[in-house]
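Asker: A predicted structure for the sequence below; I have some questions about it.
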Amino acid sequence: MRKAVFIVSMAVVLFAAVLPARSDLFYTQSEYNRIYNRKVAAELEIESLRRQFQNEKTNMESKIRDLQGVIEGLNQQLEVLKNQMSEQRDAAAKRIEDLEKRTDILKKRGSDREKELIEANRNLQKECEEGRSELQKKLDREREEHLLAMKKQREDCQTSINDLHGTIANLNGQLSELKDLNTKQRGELGRMKSQADELAEQLKEEIQKGEIRLRKYHDKLIINLDDRICYDSGSAELKRDILPALNKIIKIIEKYAENRIVVEGHTDNVPIASSRFRNNWQLSTERALSVLAYILKNNRLDPRRFSAAGYGEFNPIVQNNTPENRALNRRVDIVVLPKVKE
């Protein structure tokens with residue numbers, strides 16, 4: 001039974017691994033299918049555990065029947081012992097009768113042997129009674145112990161059954177919550193696709209020129225701004241060339257009020273050679289802040305939805321082994337994250 005409880009505990013851990021770690025994430029169709037397959041596997045595991053539990057229950061019932069058989073055997077032994085005691089009592093009674101006859105004879109003779117035989121008779125009766133009493137007590141004690149053990153095993157079995165029912169109910173509740181969450185995530189996925197399509201249409205010219213790149217990654221929409229049209233070398237001040245594109249992005253962001261926006265600054269691995277910035281960390285952060293400050297000039301946007309981060313050279317999209325790759329790594333990303341309501 002302990003083994004069955006342990007297996008059920010492992011099933012809970014496995015199933016817990018299937019649940020999303022964050023409620024603000026959503027999944028693509030393929031990932032949803034994979035989660036659904038894991039759910040099916042979890043249900044199969046639950047079914048397997050139910051069968052295991054049934055087997056354990058059957059084994060426990062078999063043990064209970066065995067104990068009942070033992071008790072019946074003990075009762076039979078007790079009956080045999082009672083019969084033996086009866087026979088012994090009869091034999092003792094016969095021997096007593098013989099002794100009494102001999103006692104009568106000895107009494108007539110008036111010898112000392114008479115007293116000895118009387119005392120031996122008394123001692124024999126006492127031993128027989130003590131032996132019978134001890135045997136009865138032993139049998140009663142063993143029977144009581146077996147009954148208590150059987151009661152304890154039944155209680156343990158019922159406790160395990162209740163625990164299994166509770167675990168199954170919890171797993172069903174978690175599965176229902178997962179289905180509700182995925183429904184919301186599919187809705188957010190549709191909204192994210194609409195936003196991405198609108199951005200692609202509005203920024204078609206900039207995308208064709210390679211100045212802006214759109215990337216969809218799992219639960220994110222990333223708007224990648226090329227630093228060549230955003231900043232002069234070693235500067236964090238926005239160039240006028242990028243402002244029309246930013247205005248288009250701001251108008252579309254404004255339509256999706258539930259999204260969270262993170263502006264990320266990135267550099268290549270060449271150390272900054274400027275007295276204005278201590279290192280690439282500061283340069284990437286200042287560039288992200290300059291984009292964020294321009295976006296938040298729109299008073300209709302809620303600043304609580306926005307944040308900025310600087311990653312320096314430590315989050316490249318390609319290796320910094322050629323001038324072209326380093327140019328790709330020098331960028332500002334506007335990361336759009338959907339928010340799934342609780």
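Answerer: Right, received. Where do you want to start?
Asker: pLDDT below threshold where in this structure?
Answerer: 1-27, 106-107, 110-111, 113-114, 167, 170-189, 340-342 (pLDDT under 70).
Asker: Which elements pack onto the longest helix seen in the chain?
Answerer: Ranked by residue count, the top helix of the chain under DSSP state H comes out as helix 112-202. Here helix 112-202 touches helix 2-18, helix 29-109, strand 212-217, strand 220-226, helix 243-255, going by 3 or more C-beta pairs under 8 Å, 6 or more residues apart in numbering; DSSP states H and E. (Each C-beta comes from the backbone N, C-alpha and C, glycine too.)
Asker: Helix or strand: which one has Ala327?
Answerer: Taking DSSP states H and E as the definition, Ala327 sits inside helix 323-329.
Asker: May I have the strands that pair with the next helix or strand after that helix, each with its orientation?
Answerer: Once the chain leaves helix 323-329, the next helix or strand it forms, by DSSP H and E, is strand 331-337. Strand 331-337 sits in its sheet next to strand 220-226 (antiparallel), strand 260-266 (antiparallel), going by DSSP bridges.
Asker: Relative to the whole chain's centre, how far out is the first one?
Answerer: What it means is strand 220-226. Distance of strand 220-226 from the chain centroid (C-alpha atoms, centre = their mean, to the nearest Å) equals 36 Å.
Asker: buried residues in it?
Answerer: By neighbour count on 16 or more other C-beta atoms under 10 Å, the buried set for strand 220-226 is Leu221, Ile222, Ile223, Asn224, Leu225, Asp226.
Asker: Give me the three-state assignment for Asp268.
Answerer: coil (DSSP: H, G, I helix; E, B strand; the rest coil).
Asker: With Asn315 instead?
Answerer: Following three-state DSSP, we place Asn315 in the coil state.
Asker: Go ahead and confirm it touches His266.
Answerer: Yes - counting by C-beta atoms under 8 Å, His266 is a contact partner of Asn315 at 5.9 Å.
Asker: Neighbour count for these two, which is higher?
Answerer: Set side by side, Asn315 and His266 show more neighbours around His266, with 26 against 15, by other C-beta atoms under 10 Å.
Asker: follow-up on the earlier one: alpha carbons only: can I get the helix holding Ala327 in PDB?
Answerer: Written as PDB, here are the backbone C-alpha positions of helix 323-329 (Å, rounded to 0.1, in the frame of the first residue of the first chain):
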ATOM      1  CA  PRO A 323      31.500  43.200 -38.900                       C
ATOM      2  CA  GLU A 324      28.100  42.200 -40.300                       C
ATOM      3  CA  ASN A 325      27.300  40.100 -37.300                       C
ATOM      4  CA  ARG A 326      28.400  42.800 -34.900                       C
ATOM      5  CA  ALA A 327      26.100  45.300 -36.700                       C
ATOM      6  CA  LEU A 328      23.200  42.800 -36.100                       C
ATOM      7  CA  ASN A 329      24.000  42.600 -32.400                       C
END
